[in-house]
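Engineer: Dropping the sequence and predicted coords here.
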Amino acid sequence: MRKTLTLMMVAAFSLLSLVVHAQGSYLKSVKEFELVDHLGVTHTLEEYADKDFIVMYIHGSGCPIARLSVPTYLSIQQEYADKNIEFLMLNSFIQDDIPRIRNEAEEFKITFPILKDADQSVARSMGVERTAEVFIIDPRTREIHFRGPINDQLGYETQRLHTTHHYLRDALDTVMSGGKVNMNDIPDAKGCLVGFFLS
């Protein structure tokens, strides 16, 4: 009886920790930043204060999943072009420098800023783990309302012919209408691990 009760308590605490992870500590906030983009232009979080939301894609030059996801991200940016939303990319890869990022921007015809997070402090504040992950941020409160994959098309060594879950689009529609994204329904993003400097 005691063993059964113990197992039930462990299960309950495990479930509680998952909920906290999904809805609480998993969604952090972005720090104020002043970052240089791939064209050498400096950007701050404050300059986007007139936007309803910022969508931030975690970029990594040469990462296969990140490269495959870029066209979809660009198409979503075009789809929401008439909305008051800023689309950006953040590169915190240790091995990526500005010339390498600029080359990839030219290859994919990326016209919005790819911000170089050289000291990785912005990525750390957001809880970034992998490339190809996207974040929806309120630029005034710095609160993160969503983090996850763009959709369910790409996985490790897999690629679906048809997309069944449009996580980013659905999350944007939810937050723009004043709703809250249920992060319990959002899987972890697939991508290359972002290695961090030892602190």
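Structural biologist: Yep, that arrived.

Engineer: could you pull out the strands for this protein?
Structural biologist: For the chain, strands defined by DSSP state E occupy the ranges 34-37, 42-44, 53-59, 85-91, 114-116, 134-137, 144-148, 154-155, 158-159.

Engineer: Mean pLDDT and distance to Arg67 added to the ones you listed, as TSV?
Structural biologist: Quick note: C-beta positions are derived from backbone N, CA and C, even for glycine. As requested, those are exported to TSV (pLDDT from 0 to 100; distance: least, CB to CB, whole Å):
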stretch	mean pLDDT	distance to Arg67
strand 34-37	97	19
strand 42-44	98	23
strand 53-59	97	10
strand 85-91	98	12
strand 114-116	98	13
strand 134-137	98	15
strand 144-148	96	19
strand 154-155	58	10
strand 158-159	56	12
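
Engineer: Just give the closest residue to Ser29, not the sequence neighbours.
Structural biologist: Arg142 (4.5 Å; CB to CB, 6 or more residues apart in numbering).

Engineer: Quickly list what the residue nearest the centre of the chain is bridged to.
Structural biologist: Centroid-nearest residue in the chain, with CA atoms, centre = their mean: Val134, separated by 2.2 Å. Going by DSSP bridges, Val134 is paired in beta bridges with Tyr57, Gly148.

Engineer: picking up where we left off before, distance to Arg102 for the strands of the chain - can I get that in JSON lines?
Structural biologist: Supplementary listing: the strands of the chain in JSON lines, determined by distance: least, CB to CB, whole Å:
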{"stretch": "strand 34-37", "distance to Arg102": "9"}
{"stretch": "strand 42-44", "distance to Arg102": "15"}
{"stretch": "strand 53-59", "distance to Arg102": "12"}
{"stretch": "strand 85-91", "distance to Arg102": "11"}
{"stretch": "strand 114-116", "distance to Arg102": "8"}
{"stretch": "strand 134-137", "distance to Arg102": "22"}
{"stretch": "strand 144-148", "distance to Arg102": "26"}
{"stretch": "strand 154-155", "distance to Arg102": "25"}
{"stretch": "strand 158-159", "distance to Arg102": "27"}
